[in-house]
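Asks: Based on what follows, work out the 3D shape:
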Amino acid sequence: MLILGWHGNPRLLESQPETGIAYHDAAAVILHDGALVAAIEDERLNRAKHSTYFPKRAISFCLREARATLGDLDVIITDSNEEFLDQALSRSAARDPRLSFQNSRQVIAASFQHEFGVDVSRKLRFCNHHVAHLCGTWYPSGFSDGLIICFDGSGDGASGLIAHCDGGRPRILRELPEEASLGHFYLRQLFFLGYKHFDEYKVMGLAPYGNAAVYEPLFQKFYQLEAEGRFTLLPEFDRLLLMSKAGLTAEARRKGQPFTQAHKDFAATLQATLERIVRHVVTHFRKTTGARRLCLSGGVAHNCTMNGNLLRSGLFEQIYVQPAAHDAGNALGAAISFAQESGESIRGDLVSHLYLGTHIGSADEIGRRLESWRPLIEIERVADAPQVAAGLLAAGSVIAWVQGRSEFGPRALGNRSILADPRPAENKHIVNAMVKKREDYRPFAPAVPQEHLHDYFEVPASVRALPFMVMVVPVRSEARELLAAVTHVDGTARVQSVSRSDNPGFHAVIKAFGRLTGVPVVLNTSFNNNAEPIVDSVDDSVTTFLTTGIHALVIGDWLVRKPPGLILSDALLNLVPHVPSTQQLTRLVSRDQKLIYGVESLAGRLAVDPVTPISRNVFDVLLHTEVSTPLRDTCHRLGLEEPTGLTCLGTELLELWSARKIRLLPAVAP
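Replies: Residues are numbered from 1 along each chain as shown. This is a model prediction of the structure:
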């Protein structure tokens, strides 16, 4: 049986109005006779973070990997209850006069028809949102019995569920209502820290700098722990009122302002409160079911600090966290749900690794694409890429390491990574300054060969591997000073263990680095800047390499460097500009009746910068660019001559490119 599971906006959002924030993190997967063939988030392909679009690119990719067409599929299933989705679409139509109401089957069928020219209406199926979360974590865990808990923001009118399995199929014990949403509870407090949606993970890094006792009396008024593992949360308005009375509203941080000790203490208390509530729920069901194993899913399961503390609590012998616990992972969960209902067997090693996305290509394919980027880069084919990478790291370089298939989920696990020496404390600041441009308090993660996991990190003896970077654990006291760049202020790290069988290339890099330095650990962070998703293709890799301070790029068997004396703002005039399909050129009239030119995001409410102002010259260049015509030729055709025209234009285009508002590619067809 061939099953396509997908999560995302049912409408083709690039051409139709958005239907709501519930469709973020679009993704698709394909299961073939119970085996996972391909899985990818749409953001890797359309380059829009937390993509809210109909995942047409992800679906197309999965079909190619399965060597199938839509006609070959037995089932197409999404992670929404059909009745609930009908109601959501009806509300959208009522709010927006541009929308006519269609039921969910009609809308989804129309989107597939528009994109692929195929009527799939008879193949469409629906899966309850939290059942998809349940299936996405339980069946890949390989456990024969255990407790399954999902906490997230919301989906299908609920905020999670609790289930138990003792040898048969999971049995749902409790559904959590939306008013008990721990995801929303955590999110809604972020305003005090100057953060917004999708910034939840930053609180985990800030919390260890604070004292949770400072605001504990206030937070204790926000919730009530009740019998039988139940809890209630104070309504948001009442929480805000209490914060205002405590004088906190006036201390709320604005974006860009420094963090005060009050902000750090607040983050610490928020994190401690989440863990206290979760522990209350988990402990009750551990006792009542006798479960020795725990599976976690839902967006809250990306709280790696919480996961690590549960791992070391002694409550369970084993814990499995769905590595794509957010809504993207529901594409997998929905597909598994249908497979199970149809009697298919799902192997326990279904998700033994996450290298399920785009393959970077053969050595020759990579080489040909790199050649098209000359003279902006220098390239060299090397005989032993892992050894070359290890040598660069040992010599103090920060490198990008791109190999094989991209990872499914939010973590770079050694195929689309930035690597550095984990020992010098300053490397944390260096990587931040040259690439990530993020808050300096946030830690970087270590990657270690699986066989050395216990040598450097305090992990229960029963745990042999932590391959998905979903647990924060203590660094061994004797190794904390040694691993200064990856040890957080509280002595912990979000570790990834790497096995030779799952990723031989990355494993070889770390082992080679260990032979050179005596320390088989590397700093590993995702290969992207702060404006884009993790890179996926050769072009993505070269783009991020050129627009950051990374010293070298090792991609496949190729070593890529920047030519000495490269002035990028001048050199990029040999490239061809493209406005991404997730952006559009726009003209706006200001309040004083002046015409403003810009690049507008189509991501709706999720857009960080809805409109980025641009000059009239850049607007004209982008508007009149022809396929495969370099910028310099277009500028000359429009009468934008040097010395001032091209110089200023190149500088502005470089800023837009670095912010990923436009794409610049070689003149040859990609």
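Asks: ranges for the helices of the stretch 151-300 of the chain?
Replies: Ranges of helices in the stretch 151-300 of the chain, per DSSP state H, counting those that start in this stretch, are 182-188, 200-206, 216-219, 236-245, 261-289.
Asks: just so I know, which of those helices lies nearest Phe316?
Replies: Nearest to Phe316, of all the helices of the stretch 151-300 of the chain, is helix 261-289, at 7.1 Å by Cβ to Cβ. (Glycine included, C-beta is placed from N, CA and C.)
Asks: Tell me which other helices or strands that closest one touches.
Replies: Under the contact definition 3 or more Cβ pairs under 8 Å, 6 or more residues apart in numbering; DSSP states H and E, helix 261-289 sits against strand 146-155, strand 158-165, helix 182-188, helix 200-206, helix 216-219, strand 223-225, strand 231-233, helix 304-311.
Asks: per-residue confidence averaged over that helix?
Replies: Averaged across helix 261-289, the pLDDT comes to 98.
Asks: buried ones in that helix?
Replies: 262-279, 281-282, 284-286, 289 (16 or more other Cβ atoms under 10 Å).
Asks: With distance to Glu41 as extra columns, can I get the helices of the stretch 151-300 of the chain in a markdown table?
Replies: Shown next, in a markdown table, are these (distance: least, Cβ to Cβ, whole Å):
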| stretch | distance to Glu41 |
| --- | --- |
| helix 182-188 | 19 |
| helix 200-206 | 16 |
| helix 216-219 | 34 |
| helix 236-245 | 29 |
| helix 261-289 | 25 |
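Asks: Which among the ones you listed is found nearest to Ile662?
Replies: helix 200-206 (27.3 Å).
Asks: Give me the contact list for the closest one.
Replies: 183, 186-187, 190, 193, 195, 259, 263-264, 267-268, 270-271, 299, 302-305, 439, 441-443, 472, 488 (Cβ atoms under 8 Å, 6 or more residues apart in numbering).
Asks: what's the pLDDT at Ser144?
Replies: Ser144 is given a pLDDT of 92.
Asks: Look up how far Leu134 lies from it.
Replies: 16 Å (Cβ to Cβ, to the nearest Å).
Asks: Counting neighbours around each, name which of these two comes out higher.
Replies: Between Ser144 and Leu134, counting by other Cβ atoms under 10 Å, Leu134 is the more crowded of the two (29 against 11).
Asks: Number of residues surrounding Ala246?
Replies: Neighbour tally, Ala246, other Cβ under 10 Å: 13.
Asks: Retrieve the pLDDT associated with it.
Replies: Taking Ala246 on its own, its pLDDT is 94.
Asks: can you pull the contacts of it?
Replies: Counting by Cβ under 8 Å, 6+ apart, Ala246 makes contact with Leu218.
Asks: do His507 as well
Replies: Pro449, Val498, Ser499, Arg500.
Asks: And those, which of them are buried?
Replies: Buried, going by 16+ other Cβ under 10 Å: Pro449, Val498, Ser499, out of the contacts of His507.
Asks: and which of the residues you listed is nearest to Pro577?
Replies: Checking the buried ones among the contacts of His507 one by one against Pro577 (Cβ to Cβ), the nearest turns out to be Val498, at 38.7 Å.
Asks: For the spatially most central residue of the chain, what are phi and psi?
Replies: Centroid check for the chain by Cα atoms, centre = their mean gives Pro410 as the closest residue, at 3.0 Å. The phi/psi pair for Pro410 (degrees, to the nearest 10) reads phi -90, psi 0.
Asks: That one reaches Asp327, doesn't it?
Replies: No. With contact defined as Cβ atoms under 8 Å, Pro410 does not reach Asp327; the gap is 11.2 Å.
Asks: just for this protein, where's the confidence low?
Replies: Applying pLDDT under 70 to the chain flags residues 13-22, 97-99, 604-608, 641-645, 669-670.
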